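here is the input, now give the coordinates:
(one chain, ligands or ions: 2)
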Amino acid sequence: MAARPDLLDGRAAALAAEADHDPRYDSDGFLIEDSGADGDQFDRQERAALRRVAGLSTELQDVTEVEYRQLRLERVVLAGVWGDGTALDAENSLRELSALAETAGSTVLAGVLQRRQKPDPGTWMGSGKAQELRDIVIAEGADTVVADAELTPSQRRGLEDVVKVKVIDRTALILDIFAQHAKSKEGKAQVELAQLQYLLPRLRGWGESMSRQAGGQAAGGQGMGSRGPGETKIELDRRRINTRISKLKHELTGMKTMRDTKRHSRRANSVPSVAIAGYTNAGKSSILNRLTGAGVLVQNQLFATLDPTVRRAETADGRHYTLADTVGFVRELPHQLVEAFRSTLEEVADSDLLLHVVDGSHPDPESQISAVREVLADVGAHDVKEVIVVNKADVADPEVLDRLLRGEKHAIAVSARTGSGFAELLELIAAELPRPQIRIEVLLPYDRGDLLSSLHEEGEVLDTEHTAEGTHVHAKVTPTLQAELAAYVL
Ligand SMILES: Nc1nc2c(ncn2[C@@H]2O[C@H](COP(=O)(O)OP(=O)(O)OP(=O)(O)O)[C@@H](O)[C@H]2O)c(=O)[nH]1
Ligand SMILES: [Mg+2]
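Ligands and ions are numbered 1, 2, ... in the order given. Take a look at the predicted model:
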């Protein structure tokens, strides 16, 4: 999971040490952690330069620009609230939030956890703890608090009022990373749709919060509940956002149709398909690259891949298939994103074999597996044959590897870095791919070399013999191929 496993492991140790010794770790489980921040300046600038500017109207740009500026994180303090589960789960979650924040380009200064049964409806953290958080924000010189949850609009405002810096939640952070990483037209449209859907119910709250920050002037001078100019503007923005949402949905439907057509033609040609899915940073792109030499972007960052990449590959015995890299998953993937990426994720549901990649060196790989399965079930991919590919075997704890391999029915350990396990993985893919079933015998004239190559690519050639009239072939084929060859069947 971690953007920088070394650094984060150090942090984990620091967290654990503080839990034991530091007086700042109080009975409420409130824990203060120093991260030794080191955001990569250059990379951040680069990413900021890639930032998408939404093609919206002037009025609307005001709103979204403000919203985006709000997300231009610099120095952040992370905050988590946990009720059930263990302290370790809560810490792992905060460490993941830290990796997410760094991926978004910010410098993490500290992380705090509060244990309470239920989040406070008004301020999310209890108000006393929110005050303590305020002190940490001041001491660290932070400009943003990132909450490890999806906050209601009023919780966000409530907390903002206490800590007096901007507060953003996990969902907004993930949306922001997606916005930074989307490259294709479709990916960008999907992310923008998700962002607008996230923004829409928060518009009113945002307006109010702005008025308050402007010293109440914008809202001042008028009776309570009167529809001031702010309200009118919000209505206007809301309408524009809705229009934009419809437009994006329409465009996305068009793009989906195109992709469906391509996919259907691949299906009609009966080229078997393998999908690589899994938690973000598990090494999906690295595995695709090692399997096919595809040269897909590999980064020690969360959500490096957003656009599905499809590559052709071939089994040792010459059968062709496609391999698709997909967007990574994360715990509690914002539902707006699942919706927006549904059509992309459905490709997984439609494949013949799913390589579910998991990072064997992660502290809690099992929880990553279940988070991924939740999303897969949600997009209808639960009945695709799944093989768990435990990656990063080179750095994983052998005991954890053992546990994973024993716990899963179909599992294999590999390392995309060293290549260990890949011979086995290739065999496994070859064994699991559906094979053509129809046995035929054809005599192909010598000018139909094209059909002979189709036979080799899409069917399984059992035996060939060159005769005076042409090539005599015994093969197993798919129904489509059988139809194409009908004229030459003996
Ligand atoms: N040690 C080790 N590191 C690996 C291995 N495979 C991948 N990595 C590293 O893990 C990080 C993530 O790899 P990616 O292939 O980008 O992972 P991904 O699953 O495609 O990630 P997203 O597209 O961001 O969801 C990179 O820094 C890789 O170099 C491995 O077998 N061993
Ligand atoms: Mg990737």
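
could you chop this structure up by domain?
5-181, 270-432, 438-488 (automatic domain parsing).

so which of those domains comes closest to ligand 2?
domain 270-432 (2.9 Å; CB to the ion). Just so you know, the C-beta spots here come from the backbone N, C-alpha and C atoms, and that holds for glycine as well.

pLDDT averaged over that closest one, what's the number?
Mean per-residue pLDDT for domain 270-432: 87.

which residues in the stretch 1-150 of the chain form helices?
Assigned by DSSP state H, counting those that start in this stretch, the stretch 1-150 of the chain shows helices spanning 5-21, 41-50, 58-71, 87-103, 127-140.

next, count neighbours for the closest residue to ligand 1 within the chain.
Proximity to ligand 1, evaluated over the chain using CB to the nearest ligand atom, is greatest for Gly328 at 2.5 Å. Gly328 has 22 neighbours, counted by other CB atoms under 10 Å.

touching, it and Gly278? I think so.
Yes: at 6.8 Å, Gly328 counts as touching Gly278 under the criterion of CB atoms under 8 Å.

shared neighbours of these two, which are they?
Lys284 (CB atoms under 8 Å, 6 or more residues apart in numbering).

for Leu353, which residues are in contact?
Counted by CB under 8 Å, 6+ apart, Leu353 has contacts Pro272, Ser273, Val274, Ala275, Val384, Lys385, Val387, Ile429, Glu432, Leu433.

do the same with Gly318
Taking CB under 8 Å, 6+ apart as the test, what Gly318 contacts is His456, Glu457, Val461.

quick one: contacts for the first one?
What it means is His456. Per CB under 8 Å, 6+ apart, neighbours of His456: Gly318.

any idea how far it is from Asp447?
In this view, His456 and Asp447 are 17 Å apart by CB to CB, to the nearest Å.

mind checking the longest helix of the protein?
Secondary structure of the chain per DSSP state H: the longest helix is helix 229-268.

partner strands of the helix or strand just after it and their direction?
Per DSSP states H and E, the first helix or strand lying C-terminal to helix 229-268 is strand 273-278. Within its sheet, strand 273-278 is paired with strand 320-325 (parallel), strand 353-359 (parallel), according to DSSP bridges.

helix or strand right after strand 273-278?
By DSSP H and E, the next helix or strand past strand 273-278 is helix 284-292.

run the contact check for the next helix or strand after that next one versus ligand 1.
Using DSSP H and E, the helix or strand that follows helix 284-292 towards the C-terminus is strand 309-314. No: contact of strand 309-314 with ligand 1 (CB under 6 Å from any ligand atom) is absent, the minimum separation being 9.9 Å.

so which elements touch strand 309-314?
helix 284-292, strand 320-325 (3 or more CB pairs under 8 Å, 6 or more residues apart in numbering; DSSP states H and E).

show the backbone phi and psi for Ala396.
Note on Ala396: backbone dihedrals following degrees, to the nearest 10 are phi -80, psi 150.

quick check: Gly470 touching Leu444?
Yes: with contact defined as CB under 8 Å, Gly470 counts as touching Leu444 (5.1 Å).
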